[in-house]
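Participant: Provided below are the primary sequence and the corresponding predicted coordinates.
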Amino acid sequence: MVLFPNAKINLGLRVIRKREDGYHDIETVFYPIHGLRDALEIVRGTNDTPVDFNMTGLPVQGEIHQNLCVKAYTLLQQDFPSLPAIQMHLHKTIPMGAGLGGGSADGAFTLRLLDQHFQLGLTQDQLIQYALQLGSDCPFFILNQPCFATGRGEIMQPLSLNLSSYQFVLVNPGIHVPTGWAFAQLQPTVPNISCEQIVMQDPSTWRDQLLNDFEDAVMTAYPTIRTIKKQLYEHGAVYASMTGTGSTVYGMFKKETDLPTLSFADSFFVYKEKFDN
């Protein structure tokens with residue numbers, strides 16, 4: 001059985017406060033990018049190893065037991081001890097540590113895949129609670145539709161937000177921005193207007209209102225990221241922003257715009273999504 005974990009972008013990202021548990025309360029609008037996808041396959045195992053896990057595609061650093069796909073299986077097995085041994089293959093296309101939620105999507109889709117394949121009967125709310133144990137961005141990929149998110153990102157309100165009249169260009173320069181460092185640069189503040197309210201306005205109004213609190217610090221430390229955003233606007237983007245804590249920057253262009261050849265280095269990862277509907 002195969003599923004295709006997709007990427008996401010953040011439309012605005014505000015850090016509201018630091019919590020007593022060490023996490024931060026945020027607000028953001030998650031928006032799925034369905035065309036940029038990994039591939040995840042699970043079949044029943046043929047030996048006594050609970051998870052026979054292998055990967056292809058983009059390299060992923062870290063020990064296999066720390067991979068969120070393996071962690072998702074282990075998490076479910078604690079409550080479903082009869083869960084069979086599996087073989088799992090992950091093909092990575094979404095860049096890691098890029099603000100695109102690739103690892104989070106893989107973990108959340110593993111929960112969904114195990115639930116479907118072995119008919120565990122989990123509700124959406126139960127899947128969200130399991131996903132939250134894997135990471136703050138993981139619950140979004142259980143819903144996997146535009147939503148306004150608060151708390152750690154797990155309190156989600158679906159939005160009727162249709163951006164199919166726009167095309168997206170995502171540019172990742174291969175810079176790893178340490179998440180802990182990024183949060184340490186911020187002084188949390190409550191915004192005067194929420195991301196939810198802003199995205200309900202015409203995107204032509206977003207440029208000066210829809211903010212990612214991490215941009216100033218990250219772009220000061222890594223000027224290349226600022227240059228990418230500047231180039232996207234110079235080429236006609238209606239709106240451009242860093243997603244997550246970086247380092248990916250996306251630009252929204254009107255659908256009828258003929259995108260010029262963008263002058264990014266060959267080593268950069270560039271993805272374009274143009275909707276058919």
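Facilitator: Thanks, I have it.
Participant: do a quick rundown of the strands in the stretch 101-250 of the chain.
Facilitator: Secondary structure of the stretch 101-250 of the chain by DSSP state E, counting those that start in this stretch: the strands cover 147-150, 155-158, 166-172, 239-242, 249-254.
Participant: quick one: average pLDDT of the third one?
Facilitator: Just to be clear, that refers to strand 166-172. Averaged across strand 166-172, pLDDT comes to 94.
Participant: still on that earlier bit, make TSV out of the strands of the stretch 101-250 of the chain and add mean neighbour count and distance to Leu100.
Facilitator: The C-beta positions use only the backbone N, C-alpha and C, and glycine is treated the same way. Below are these laid out as TSV (neighbours: other Cβ atoms under 10 Å; distance: least, Cβ to Cβ, whole Å):
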stretch	mean neighbour count	distance to Leu100
strand 147-150	21	16
strand 155-158	14	18
strand 166-172	21	7
strand 239-242	23	11
strand 249-254	23	9
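Participant: can you tell me which of these comes nearest to Gly180?
Facilitator: The stretch from the strands of the stretch 101-250 of the chain with the least distance to Gly180 (Cβ to Cβ) is strand 239-242; that distance is 17.1 Å.
Participant: picking up where we left off before, tabulate the strands of the stretch 101-250 of the chain (CSV), appending distance to Leu113.
Facilitator: Output for the strands of the stretch 101-250 of the chain, formatted as CSV (distance: least, Cβ to Cβ, whole Å):
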stretch, distance to Leu113
strand 147-150, 21
strand 155-158, 21
strand 166-172, 25
strand 239-242, 30
strand 249-254, 27
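Participant: outline the domain layout of the chain.
Facilitator: As recorded under automatic domain parsing, the domains making up the chain are 2-158, 166-274.
Participant: so which of those is the most packed in?
Facilitator: Burial of those is given as mean neighbour count (mean count of other Cβ atoms under 10 Å); domain 2-158 ranks first at a mean of 18.
Participant: what about that domain, start to end distance?
Facilitator: The first and final residues of domain 2-158 sit 26 Å from each other (Cα to Cα, to the nearest Å).
Participant: report the distance from that domain to the chain centre.
Facilitator: Centroid separation for domain 2-158 versus its chain: 10 Å, with Cα atoms, centre = their mean, to the nearest Å.
Participant: center of the protein - which residue?
Facilitator: Central residue of the chain (Cα atoms, centre = their mean): Gly101, 2.3 Å from the mean position.
Participant: can you tell me how far it is from Ser165?
Facilitator: Gly101 is 24 Å from Ser165, where distance means Cβ to Cβ, to the nearest Å.
Participant: also Gly121?
Facilitator: As judged by Cβ to Cβ, Gly121 and Ser165 stand 39 Å apart.
Participant: you'd agree Ile9 is in a strand?
Facilitator: Yes - Ile9 forms part of a strand when assessed by DSSP: H, G, I helix; E, B strand; the rest coil.
Participant: correct me if wrong: it contacts Val29.
Facilitator: No - using Cβ atoms under 8 Å, Ile9 is not in contact with Val29, being 9.1 Å away.
Participant: tell me who's in contact with Leu143.
Facilitator: By Cβ atoms under 8 Å, 6 or more residues apart in numbering, the contact list for Leu143 reads 124, 128, 156, 158.
Participant: TSV please, covering those and showing pLDDT.
Facilitator: Formatted as TSV, the contacts of Leu143 follow (pLDDT from 0 to 100):
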residue	pLDDT
Gln124	96
Ile128	95
Met156	96
Pro158	96
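Participant: which one of the residues you listed sits closest to Pro139?
Facilitator: Distances from Pro139 to the contacts of Leu143, taken by Cβ to Cβ, are shortest for Ile128, at 4.5 Å.
Participant: nearest residue to that closest one other than its sequence neighbours?
Facilitator: Distances taken as Cβ to Cβ, 6 or more residues apart in numbering put Pro139 closest to Ile128, at 4.5 Å, once the chain neighbours are dropped.
Participant: and the gap between that neighbour and Asp213?
Facilitator: Applying Cβ to Cβ, the value for Pro139 to Asp213 is 21 Å.
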